[in-house]
Structure formats: C-alpha cells, structure tokens
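Asker: Everything below, folded, please.
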Amino acid sequence: MSFVTTQIAESAAKASLGISEKLYLRDIDALIDWGAAQDYVRAMWLTLQQSDSDNYIISSGETHSVREFAKIAYNSVELDSSDYVFQDPNIKRISKRMVAVL
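Answerer: You can find the predicted model right below:
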C-alpha cells in the first residue's frame, strides 16, 4: 500500500529518467486536503491537551484535486502529466479495516 502522493512522485521521477510508466489511479478528480503533516500532528496534540473530550475537525480548509497534484509533480520535471496519469475507476480501494490490520 502506498499513498497517492508517493505513487505520483515516484511515477514522475521515473518518467523524468526515461522509464516512462503509465500511472493508473482510481479517481484523479478526487479532492484532497493536502495539509502539512506537522500541522496535523500539532492539532492532534492540542486536542489531547483539552480537559474535556470533544469531536474536532482537523483540516487546512483548502482542497486540490489529485489531477492538480499530478500536474505540479510532472511540471516540476518538465513533463506533461496527461501523457502519464490516467483514471481507472475499476481500481479497488483498500478498505479502512484492511489498513488497520496491516
């Protein structure tokens, strides 16, 4: 299992080296909050400092599509993501239960 960001970055790097692979993703129009990990960790730590438990939403408040991320990644190596990244809705999503077991 790997994150979509890792899949895109590795695919762009390989393509820049001439190892052109097509990358198939489940939904390239999915919107994701690409916030920084250290910000989320700090937010989680702050929730643990509260005297009473509560529900919190932790988010940067800004979303971008997987397509946008791929475009930026491939542009950084001077390639066009539309030549390498494709959508395949038949790709199965790993369930949260399976991730918890892994």
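Asker: just the helices in this protein please.
Answerer: For the chain, the helices defined by DSSP state H cover 4-16, 37-48, 66-75, 96-101.
Asker: Isn't Tyr84 up against Leu25?
Answerer: No. In this structure, Tyr84 is not within contact of Leu25 by Cβ atoms under 8 Å, at 10.8 Å. For the C-beta atoms, the positions are set from N, CA and C on the backbone; glycine is no exception.
Asker: any idea how far the closest residue to Ser59 other than its chain neighbours is from Glu62?
Answerer: Excluding the flanking residues, the one nearest Ser59 by Cβ to Cβ, 6 or more residues apart in numbering is Asp33, at 5.2 Å. Going from Asp33 to Glu62 by Cβ to Cβ, to the nearest Å gives 7 Å.
Asker: Please say which of those two ends up with more neighbours.
Answerer: Asp33 (12 against 9; other Cβ atoms under 10 Å).
Asker: Got the confidence number for that one?
Answerer: We have a pLDDT of 91 for Asp33.
Asker: Okay, Leu25 and Met44: tell me how far apart.
Answerer: 28 Å.
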